[in-house]
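Novice: My questions are about this predicted structure, shown below with the sequence.
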Amino acid sequence: MKLDVETENQTKYQIPPKKVIEGWILEVLKDKKIATDVEIGLKIVTKEVIHKFNKKYRKIDSPTDVLSFPIYDKLPFDSKKPILLGDIIICPEIMAENSKKYGNSQDVEFKKLIVHSTLHLLGYHHKED
């Protein structure tokens with residue numbers, strides 16, 4: 001399995017090296033037994049930008065730390081070509097607030113967001129009450 005993560009950083013936040021991010025995503029893909037080559041978009045944005053996305057797509061009028069935009073409801077696991085799983089959008093400003101709140105370093109918090117979002121791109125969702 002091959003992984004390609006296309007990153008776009010619109011902020012001054014220094015994201016971890018691409019190889020590190022890809023390693024975290026590969027752990028999830030291997031754990032979920034994904035064998036198809038995949039592509040993921042990763043965008044790092046400001047609080048204002050993620051607020052607009054959250055309002056537009058989730059109808060929640062506030063910023064958030066991360067949004068996931070999966071392409072598929074059900075993955076085509078037997079694809080002969082690489083498949084685009086979707087996009088992950090992270091806001092470092094909100095992530096930093098959460099890292100303080102939860103007592104994590106920003107590196108730990110960033111990894112949590114990448115892993116969490118990758119699971120969403122694979123079709124895993126939060127439990128509904």
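Specialist: Right, received. Where do you want to start?
Novice: mind checking which helix or strand residue 39 is in?
Specialist: Here residue 39, judged by DSSP states H and E, is contained in strand 38-44.
Novice: now swap in residue 21 and tell me
Specialist: Counting by DSSP H and E, residue 21 is part of helix 18-31.
Novice: Excluding chain neighbours, give the residue nearest to residue 60 in space.
Specialist: residue 54 (4.9 Å; C-beta to C-beta, 6 or more residues apart in numbering). For glycine as for every other residue, the C-beta is placed from the backbone atoms N, C-alpha and C.
Novice: That neighbour: helix or strand, and which one exactly?
Specialist: Assigned by DSSP H and E, residue 54 falls in helix 47-58.
Novice: quick one: buried residues of that helix?
Specialist: Counting neighbours by 16 or more other C-beta atoms under 10 Å, one finds that the buried residues in helix 47-58 are 47, 49-51, 53-54.
Novice: got the angle for that helix vs strand 38-44?
Specialist: 130 degrees (axes from the mean of the first three to the mean of the last three C-alpha atoms, to 10 degrees).
Novice: State the distance from residue 18 to residue 97.
Specialist: 25 Å (C-beta to C-beta, to the nearest Å).
Novice: right, I mislabeled it, should have said residue 120
Specialist: Residue 120 is 21 Å from residue 97, by C-beta to C-beta.
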